[in-house]
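Peer 1: I need the structure of the sequence given here:
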Amino acid sequence: MENSRTPYDELLTIIREKHEMVPQLLTELGIECWLVFLRETSASPDPVQPLVIGGDVVWESAFIFTHDVRIAIVGDFDADAEREKGIWTEVVPYTQGISTPLVKSLEGIQTIAVNYSKDDVMADGLSHGLYEKLCEYLPNKHLISSQHLVSKLRSRKSRTEIRLLTEACLITEQINEVVGSMLNPGLTEKEIQQMFHEEMDRRGVTESWQRKSCPAVDTGPDKVMGHVGPTDLRLREGHTLHNDFGVRYHGYCSDIQRMWFVGTDIPEELIHAFETVRDAIYLASEFIKPGVRGHEVDSVARNYVVSRGYEEYKHALGHQVGTLAHDGGTLLGPLWERYGDLPNGVVEEGNVFTLELYVTTKNYGMVSLEEMVEITAEGCRFLVPRQESFLTVSTR
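Peer 2: Alright, predicted model coming up:
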């Protein structure tokens, strides 16, 4: 789809914005040099490629960032493509092997941050085989993880990235509105998802995650929400409808959840559940600001949900969104083993997070919402207006 991919000129603008951030990040983290080491990226891409390189390479390639220079060491046949980008201080081609120009370019540098991570999948692009090769090429260098640098670089969204993320959210809400106006009792979950797909296709956007479960469509008290596709369950009066939906616009994603009720007489049990979820999200949004840790934000919402008489939700409150719906970095989550050190990460200005949670009712199933916020200097702002009350489906 033409509106799903980042136009090349726009991509280069984002890369330049990211390159401008690197020297400051190196200073903040006390890192001498950052090295992204790649090969055959059409088969084995690194998650950081779209942000600082753009396009694929074939042979072993090294992209070196210091406070003063940005060097691309690439095979002969990739060199012209890198020069044409106009983003490198120097492009160094090689024919027989990368080791000699790599060693020369790193003279005088002892500690090098490279593209691997134990906890953050979005900073873990270096294969084990390439890591062993780096150790052979650079036996006297100290190689460390670039996880924290990559996390901050991905997480601090540039001006262009914020604009694209906002547009993705606006398109998502437009599609929600159009499909919502066409809903009626009797439609199956599968039929409703197809309506969403048709609206996406009309706008030239694609899904933020795998199409079979984007959007997730869940109706009725017997459907357990999760990473599953739609079923033949039908929309019925007195039931809820939930979706978890995101689109990819110019390479950037949205991730939003909405709730409908079929009819007009909404039961008090559902109103209480909806208000609990809505207000937990609001309280978290009022608390979040630069400098707080991810688990602290999660605790605000989690404690409120429990205080309202519900079991705590079984996932993190929020993840970052960017070129992927789950974009890595600091997580707004509890200090559980499965999340590693990510909930200890610090929230920073320019981050874009989801705020999402659910509660389970006794008679009507689950109620869940998800919003997206940009972290500002003093707090946050919602990228699109948050859902304040149940949307309704007419039964006439």
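Peer 1: how about the helices in the stretch 201-350 of the chain?
Peer 2: Residue ranges of the helices in the stretch 201-350 of the chain, as given by DSSP state H, counting those that start in this stretch, are 268-287, 294-307.
Peer 1: Gly90 and Phe37, how far apart?
Peer 2: Heads up, residue 90 is Glu, not Gly. Distance of Glu90 to Phe37, computed by Cβ to Cβ, to the nearest Å: 17 Å. Yep, even glycine has a C-beta here, placed from its N, CA and C like the rest.
Peer 1: scratch that, Lys18 is what I was asking about
Peer 2: Taking Cβ to Cβ, one finds Lys18 at 18 Å from Phe37.
Peer 1: sorry, back to before: tell me which of Glu90 and Phe37 has more neighbours.
Peer 2: A side-by-side neighbour count of Glu90 and Phe37, using other Cβ atoms under 10 Å, places Phe37 first with 27 against 13.
Peer 1: which phi and psi does Thr172 have?
Peer 2: Listed backbone geometry of Thr172 is phi -60, psi -50, with angles given as degrees, to the nearest 10.
Peer 1: Nearest residue to it in space, please, no chain neighbours.
Peer 2: Leaving aside its sequence neighbours, Thr172 sits nearest to Ser254 (Cβ to Cβ, 6 or more residues apart in numbering; 4.4 Å).
Peer 1: from what I can see the one you found touches Cys169, true?
Peer 2: Yes: counting by Cβ atoms under 8 Å, Ser254 touches Cys169, with 4.5 Å between them.
Peer 1: Report the contact partners of His295.
Peer 2: Applying Cβ atoms under 8 Å, 6 or more residues apart in numbering to His295 gives the contacts Leu332, Gly333, Pro334, Leu335, Pro343, Asn344.
Peer 1: how far away is it from Pro45?
Peer 2: Computed as Cβ to Cβ, the His295 to Pro45 distance reads 31 Å.
Peer 1: And Lys190, by the same measure?
Peer 2: Distance from Lys190 to Pro45, counting by Cβ to Cβ: 32 Å.
Peer 1: where do the helices sit along the stretch 1-150 of the chain?
Peer 2: Listed from the start of the chain, the stretch 1-150 of the chain has helices (DSSP H, counting those that start in this stretch) covering 8-29, 49-52, 76-85, 99-105, 128-137, 147-155.
Peer 1: can you count the residues close to Thr330?
Peer 2: Around Thr330 there are 27 other residues, counting by other Cβ under 10 Å.
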